[in-house]
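Asker: I'd like to go over a predicted model; first the sequence, then the structure.
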Amino acid sequence: GQFKHDPNTGMMCWHQDVIDANNSSGSLEFSIAGSDEDVFFPVQIAFSSQSLMCPIEITSLTNAQSGAPIPNNMTVRVVPESYQCV
């Protein structure tokens with residue numbers, strides 16, 4: 001994967017180009033100068049993806065009784081099977 005540090009937000013973003021059956025895991029290890037480990041905690045971890053492993057799209061919703069369209073939006077979530085922060 002690739003990483004970048006954003007000093008304005010204090011975030012380090014790690015990007016894995018492909019996650020599939022042949023590339024289903026990864027690790028990130030880094031070293032920095034300093035001795036205060038507490039500056040890294042609490043750790044916040046988020047996962048995102050531009051596509052789903054099982055692509056599905058809801059194009060419209062309709063009321064079954066009246067046939068009227070129902071306003072909607074779709075939220076896509078990526079949830080890893082597991083991860084460790086050690």
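Answerer: Structure's in. What do you need? All of these numbers come straight from a predicted model, not from anything done at the bench.

Asker: From here on, just use CA atoms for contacts and neighbour counts.
Answerer: Noted.

Asker: which residues touch S48?
Answerer: Contact analysis of S48 by CA atoms under 8 Å, 6 or more residues apart in numbering lists 77-78.

Asker: try 7 Å this time
Answerer: S48 makes contact with V78, according to CA atoms under 7 Å, 6 or more residues apart in numbering.

Asker: State the distance from it to V39.
Answerer: Counting by CA to CA, to the nearest Å, the gap from S48 to V39 is 25 Å.

Asker: The residue most central in space within the chain: which element?
Answerer: Closest residue to the average C-alpha location of the chain: F47 at 1.5 Å, with CA atoms, centre = their mean. Of the helices and strands defined by DSSP states H and E, none includes F47.

Asker: For it, give me phi and psi.
Answerer: phi -120, psi 140 (degrees, to the nearest 10).

Asker: ok, it - contacts?
Answerer: F47 neighbours (CA under 7 Å, 6+ apart): 78-79.

Asker: measure it to V78 for me?
Answerer: 6 Å.

Asker: repeat for W14
Answerer: Distance from W14 to V78, by CA to CA: 15 Å.

Asker: one step back: could you report the pLDDT at the residue nearest to the centre of the chain?
Answerer: Note on F47: pLDDT of 77.

Asker: And for the one 3 residues further on?
Answerer: Q50 carries a pLDDT value of 73.

Asker: Count the neighbours of it for me.
Answerer: By other CA atoms under 10 Å, 6 other residues sit near Q50.

Asker: what are the bridge partners for W14, then?
Answerer: F3 (DSSP bridges).

Asker: quick one: it from G34, how far?
Answerer: With CA to CA as the criterion, W14 and G34 are 21 Å apart.

Asker: higher neighbour count, these two?
Answerer: W14 (14 against 7).

Asker: Surely that one and Q2 touch.
Answerer: Yes: the pair W14 / Q2 is scored as a contact, 5.6 Å apart, by CA atoms under 7 Å.

Asker: Now do the shared contacts for these two.
Answerer: In contact with both W14 and Q2: no residue, using CA under 7 Å, 6+ apart.
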